[in-house]
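Asks: from the sequence below, what's the structure:
(chains A and B)
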2 protein chains.
Amino acid sequence: MFRESIQKLVRRLDGGVAGVVMGFDGIAIDSYVRDGQTGHVADIVTASMEFGHLVGQLRGASERLELGALREVTIKTDKLTVVMLLLTKDYFLACGILPTGNVGKARYLVRMAAPQIRAELLQ
Amino acid sequence: MFRESIQKLVRRLDGGVAGVVMGFDGIAIDSYVRDGQTGHVADIVTASMEFGHLVGQLRGASERLELGALREVTIKTDKLTVVMLLLTKDYFLACGILPTGNVGKARYLVRMAAPQIRAELLQ
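Replies: Alright, predicted model coming up:
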């Protein structure tokens, strides 16, 4: 359903390894892993399940703090940077890039990809 | 102790409102709020306490996922973007910027400020 949008996003990204559309319940709707990027670094689905649970809590914290809605979370580790954009109250889009990749460009491309995916989710 | 470093960082940032050096136990070591930026948007200490607790959990998740050490987390809400950099196992540096600010520059300046603060923490 969303695989084409995710694939296009990941392939446009230098260092892009994988992407996923996931619910805050941890269920992946669709995902894409770039060829040759299988292995622990590219296990975006597992990472998004773990991180997504905590992003759900960050969302609650943002509201309690009266900072408005949570929009994006970027998590940078030694081996992978994960850019997560909240699509709707139930779903988010996550994209994993290697440390050599351009995080600014990843955030830009994730934002560009979001409206179409959001529109399909809300159909 | 770190106020001068934090102040310099925040003042160099367009849209920079506040910064803090905080322990994962939620205790602020030092903080700075830019003039005219008091109010809920600038309450970086409270936001960092709430977000810091969850960043501590993200650190654990990163290790469980074999993604190596957690380095940075950027949290973008409607009213404030918070860039958090892990300084040591016990402390992090957080900087709050307005939505109009440049997040890429904030991440760069936070990284530039970190080594000196880290060195002082480890003294």
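Asks: who's in contact with the most centrally placed residue in chain A?
Replies: Geometric centre of chain A, nearest residue: residue A:94, 0.7 Å, by C-alpha atoms, centre = their mean. Taking C-beta atoms under 8 Å, 6 or more residues apart in numbering or on different chains, we find residue A:94 in contact with A:19-20, A:22, A:44, A:47-48, A:51-52, A:82-85. The C-beta positions use only the backbone N, C-alpha and C, and glycine is treated the same way.
Asks: TSV please, covering those residues and showing pLDDT.
Replies: Listed next are the contacts of residue A:94 as TSV, based on pLDDT from 0 to 100:
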residue	pLDDT
A:19	95
A:20	95
A:22	96
A:44	84
A:47	91
A:48	93
A:51	95
A:52	94
A:82	96
A:83	97
A:84	97
A:85	98
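Asks: mind listing the strands in chain A by residue range?
Replies: Counting by DSSP state E, one finds strands in chain A at the ranges A:16-23, A:28-33, A:70-77, A:81-86, A:91-97.
Asks: what pairs with the first one, parallel or antiparallel?
Replies: So the one you mean is strand A:16-23. Note on strand A:16-23: by DSSP bridges, its sheet partners are strand A:28-33 (antiparallel), strand A:91-97 (antiparallel).
Asks: which bits of chain A sit near chain B?
Replies: Applying C-beta under 8 Å from any C-beta of the partner chain, one finds that chain A approaches chain B through A:40-41, A:43, A:46-47, A:50-51, A:54, A:57-58, A:61-62, A:64-80, A:103-104, A:107.
Asks: for ChimeraX, write a command that selects the buried ones of those.
Replies: Buried subset of these, written as a ChimeraX selection, criterion 16 or more other C-beta atoms under 10 Å in any protein chain shown:
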select /A:41,43,47,50,51,54,57,58,61,62,65,67,70,71,72,73,74,75,76,77,79,80,103,107
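Asks: mind checking which of the residues of chain A next to chain B land in helices?
Replies: Using DSSP state H, the members of the residues of chain A next to chain B that fall in helices are A:46-47, A:50-51, A:54, A:57-58, A:61-62, A:64, A:103-104, A:107.
Asks: that older thread, of the strands paired with strand A:16-23, which stretch is the most buried?
Replies: With neighbours defined as mean count of other C-beta atoms under 10 Å in any protein chain shown, those peak in mean count at strand A:91-97, which reaches a mean of 26.
Asks: okay, angle between that strand and helix A:44-64 too, please.
Replies: Here strand A:91-97 runs at an angle of 120 degrees relative to helix A:44-64 (axes from the mean of the first three to the mean of the last three C-alpha atoms, to 10 degrees).
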